[in-house]
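Sequence first, predicted model second:
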Amino acid sequence: MDRVENGAGRWVFGYGSLMWRPGFAFVERQAAVLHGRRRAFCIYSVHHRGTPERKGLVLGLAAGGAVRGAAYRVSEADWPEVHAYLMEREQPTETYVEATVHIRLADGRRVPSLGFLSDTSHPQWAGDLGFEEQAQLIAGSSGLSGRNIDYLRDLVMHLHEEKVRDRGMERLLARVEELEAAAG
């Protein structure tokens, strides 16, 4: 099936905190894969997990690879409210581009979904940072939504719960924990 049938609702794709904390009403949740994008700490956070003075990092969808996440089907009746919520949550500094992406659901269907892609022309675009630079930015930073390390820890924990192993994120978490322990 290449599209959602009329009246079936709309889909939202989450690859970070939307996986474990969607914060909106939905009628169905499935594991999903988006091809052509990968989960990466590629966005400087000056709002949720950092400040303008002490930037943190949050996830974005960078080009290349594939990413496993969660897809939520939202009823048409709830869509206006859910969309407004997502725009407020995901776009406080407009670092993402709202886009229709095509995802593969766990049941095999391929459906269009709302996704938030990294805006590579935005000043908060961090790009392809090295491992140590990512760890240094995440360690010790925090913002309105809490500590940056907690965001990374939640990601790793919830990926495990979804039976998704991301050794790169696990390694990054171990390094950030080392840095924070050394800082006291």
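Here it is on my side, so go on. Numbers count the residues shown, from 1 in each chain.

chain center to stretch 80-91, what's the gap?
The chain centre lies 14 Å from the centre of stretch 80-91; the measure is CA atoms, centre = their mean, to the nearest Å.

which other residues reach it?
12, 23, 24, 25, 26, 74, 96, 98, 114, 116 (CB atoms under 8 Å, 6 or more residues apart in numbering). Every C-beta, even on glycine, is put in place using the N, C-alpha and C of the backbone.

go again using 10 Å as the cut-off
Residues outside stretch 80-91 that contact it (CB atoms under 10 Å, 6 or more residues apart in numbering): 9-10, 12, 14, 16-18, 21-26, 48, 72, 74-75, 78, 94, 96-98, 114-116, 145.

CA atoms only for the worst-scoring helix or strand of the chain on mean pLDDT, dumped as CSV, please.
Across the helices and strands of the chain, mean pLDDT, DSSP states H and E gives its lowest value to helix 79-90, namely a mean of 91. Coordinates of each C-alpha in helix 79-90 appear next as CSV, following Å, rounded to 0.1, in the frame of the first residue of the first chain:
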residue,chain,number,x,y,z
TRP,A,79,-4.9,16.4,13.3
PRO,A,80,-5.2,20.3,13.5
GLU,A,81,-4.4,20.2,17.3
VAL,A,82,-1.6,17.6,16.9
HIS,A,83,0.0,19.5,14.0
ALA,A,84,-0.1,22.8,16.0
TYR,A,85,1.4,21.0,19.0
LEU,A,86,4.2,19.5,16.9
MET,A,87,5.0,22.8,15.3
GLU,A,88,5.4,24.4,18.7
ARG,A,89,7.4,21.5,20.1
GLU,A,90,9.7,20.8,17.1
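
Just the buried positions in that helix, please.
Neighbour-count burial for helix 79-90, with 16 or more other CB atoms under 10 Å as criterion, is recorded at 79, 82, 83, 86, 89, 90.

Tell me which entries of the contacts of stretch 80-91 lie within strands.
With DSSP state E as the criterion, strands contain 10, 12, 14, 72, 74, 96, 97, 98, 114, 115, 116 from among the contacts of stretch 80-91.

Going by distance to residue 149, which of the residues you listed wins?
Nearest to residue 149, judged by CB to CB, of these is residue 14 at 20.4 Å.
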